[in-house]
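# sequence first, predicted model second:
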Amino acid sequence: MTILVTGGRGHVARAVVQQLLDVGEKVRLASRNPTAVTAPDSVEVVGADLTRADSLIPALAGVSKVFLYADPAGIDNFVEAAQKADVEHVVLLSASPVTGANPGANPLAVMHKAAEQALLDSELSWTFLRPATFATNTLQWAYSIRTEGVVRAAYPEAYNDAIHEADIAAVAVRALTEDGHVGRAYLMTGPESVTQRQQVEAISAAIGRPVEFVELTPAEYRETLARWGGGLVDQLIRYLAENDGVPMPVINTVELVTGRPARTFDEWARDHADDFR
């Protein structure tokens, strides 16, 4: 059987590909820009864009299961094409905000909820992955760490439950290759609650040189993030303020599904040390 992995340039997708290969699965990797994708020689790389229905037909040919990072603008195209291709199961990379008290106020929750609903309304078998804060979000600090040895952000004592992309992938691979995951929605976090300052300290230890945390006011930080767009920036500032000095609960989903503890942020920092050097 062939498993299609979408979002080919993403950190989670790359981890899913490698872990599928490790267990002997045949993998096809899809990206809007396939020429920009780096993949092992045994992986077939194809072009596919969810907003272009015609590109999905060849990408899904002979595919039994799909790891999907969905753009809601194209999710209906995917559902129609996957049903026609007799896809057996879809593992959707969603996000934890869909379970929040007011998901309609969170742009990320709105996006992922739309993708989930499209699968719920379809004839396709599904598993939803709902990770919390991605550890890879701290890669936004990589340039300033490499060039200045500095991180500039607000709320240094704000906690998060950062999860390693390899752990998200590990749960995805179980859902793609084992029975017992159909119709399940997995809320996932890392194994610990860590502050932004502690994350900077972990990165500093991983690269073997000092990294300074320069605290910005929320207004100053907002200016540095203007390129993201107002809705996402508002959500991030609100998230940091709510968790300033407030440890977050962690969930052991990764260990329950995979049989091994989730990786700590210290481990993530060591795995990504070269990104910050």
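Happy to help now that I have it.
# can you give me the helices for this structure?
Applying DSSP state H to the chain gives helices spanning 11-22, 53-60, 75-84, 107-120, 142-148, 165-177, 196-207, 218-224, 230-242, 253-258, 265-271, 273-276.
# where does the prediction get shaky in the stretch 51-200 of the chain?
Residues of the stretch 51-200 of the chain meeting the criterion pLDDT under 70: 100-107.
# 50 instead, please
Scanning the stretch 51-200 of the chain for pLDDT under 50 picks out nothing.
# burial of Gly208, as a residue count?
8 (other Cβ atoms under 10 Å). To be clear about C-beta, it is placed using only N, CA and C from the backbone, and glycine gets the same treatment.
# circling back to that earlier point, out of the helices of the chain, which is closest to Glu157?
Nearest to Glu157, of all those, is helix 196-207, at 6.3 Å by Cβ to Cβ.
# contacts for the closest one, please.
Contacts to helix 196-207, defined as Cβ atoms under 8 Å, 6 or more residues apart in numbering, come from residues 138, 141, 145, 151, 153, 155-158, 160, 162, 194, 210-211, 213, 240, 265-266, 268-270, 272-273, 276-277.
# buried ones among the residues you listed?
138, 141, 145, 151, 153, 155-156, 158, 160, 162, 194, 211, 213, 240, 265-266, 268-269, 272, 276 (16 or more other Cβ atoms under 10 Å).
# please work out which of the helices of the chain is packed deepest.
helix 165-177 (a mean of 23; mean count of other Cβ atoms under 10 Å).
# show residues contacting it.
3, 11-12, 15-16, 18-20, 23, 25, 65, 67, 89, 91, 93, 127, 129, 131, 134-136, 181, 184, 186, 188, 190, 253-254, 257-258, 260, 262-263, 271.
# tell me how far Arg9 lies from Asp167.
20 Å (Cβ to Cβ, to the nearest Å).
# can you check Tyr155 too?
25 Å.
# and Thr6, by the same measure?
Counting by Cβ to Cβ, the gap from Thr6 to Asp167 is 19 Å.
# ditto for Val246
Taking Cβ to Cβ, one finds Val246 at 23 Å from Asp167.
# Pro58 too?
With Cβ to Cβ as the criterion, Pro58 and Asp167 are 32 Å apart.
# same question, Glu116
21 Å.
# tally of neighbours for Gly68?
Quick fix: residue 68 reads Leu, not Gly. Burial of Leu68 is recorded as 29 neighbouring residues (other Cβ under 10 Å).
# residue contacts, it?
Thr6, Gly7, Phe78, Val90, Val91, Leu92, Leu93, Ala115.
# so what are the domain limits for this protein?
As assigned by automatic domain parsing, the chain contains the domains 2-131, 135-161+191-248+264-276.
# just give me how far the longest one sits from the chain centre.
Here the centre of mass of C-alpha atoms in domain 2-131, compared against the chain's by Cα atoms, centre = their mean, to the nearest Å, lies 12 Å away.
# who wins for most neighbours among the contacts of Leu68?
Neighbour max across the contacts of Leu68 (other Cβ under 10 Å) = Phe78, 28 neighbours.
# could the domains of the chain go into JSON lines alongside distance to Val171?
Formatted as JSON lines, the domains of the chain follow (distance: least, Cβ to Cβ, whole Å):
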{"stretch": "domain 2-131", "distance to Val171": "6"}
{"stretch": "domain 135-161+191-248+264-276", "distance to Val171": "14"}
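# Thr264: how many residues sit nearby?
Residues contacting Thr264 under the criterion other Cβ under 10 Å number 17.
# ok, it touching Glu192?
Yes. Assessed by Cβ atoms under 8 Å, Thr264 is found in contact with Glu192 at 6.0 Å.
# could you find the closest non-adjacent residue to Ser31?
Closest residue in space to Ser31, ignoring its immediate chain neighbours: Gly8 at 3.3 Å, by Cβ to Cβ, 6 or more residues apart in numbering.
# what sits against the one you found?
Arg14, Leu29, Ala30, Ser31, Pro34, Val37, Ala39, Val45.
# hmm, 7 Å instead?
Residues in contact with Gly8 (Cβ atoms under 7 Å, 6 or more residues apart in numbering) are Leu29, Ala30, Ser31, Val37, Val45.
# what's the lowest-pLDDT member of the residues you listed?
Within those, pLDDT reaches its minimum at Val37, with 85.
# who's in contact with it?
Gly8, Arg9, Leu29, Ser31, Val45.
# just put the contacts of Leu68 in CSV and tack on distance to Ala226.
Below are those laid out as CSV (distance: Cβ to Cβ, whole Å):
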residue, distance to Ala226
Thr6, 29
Gly7, 26
Phe78, 32
Val90, 35
Val91, 34
Leu92, 30
Leu93, 27
Ala115, 27
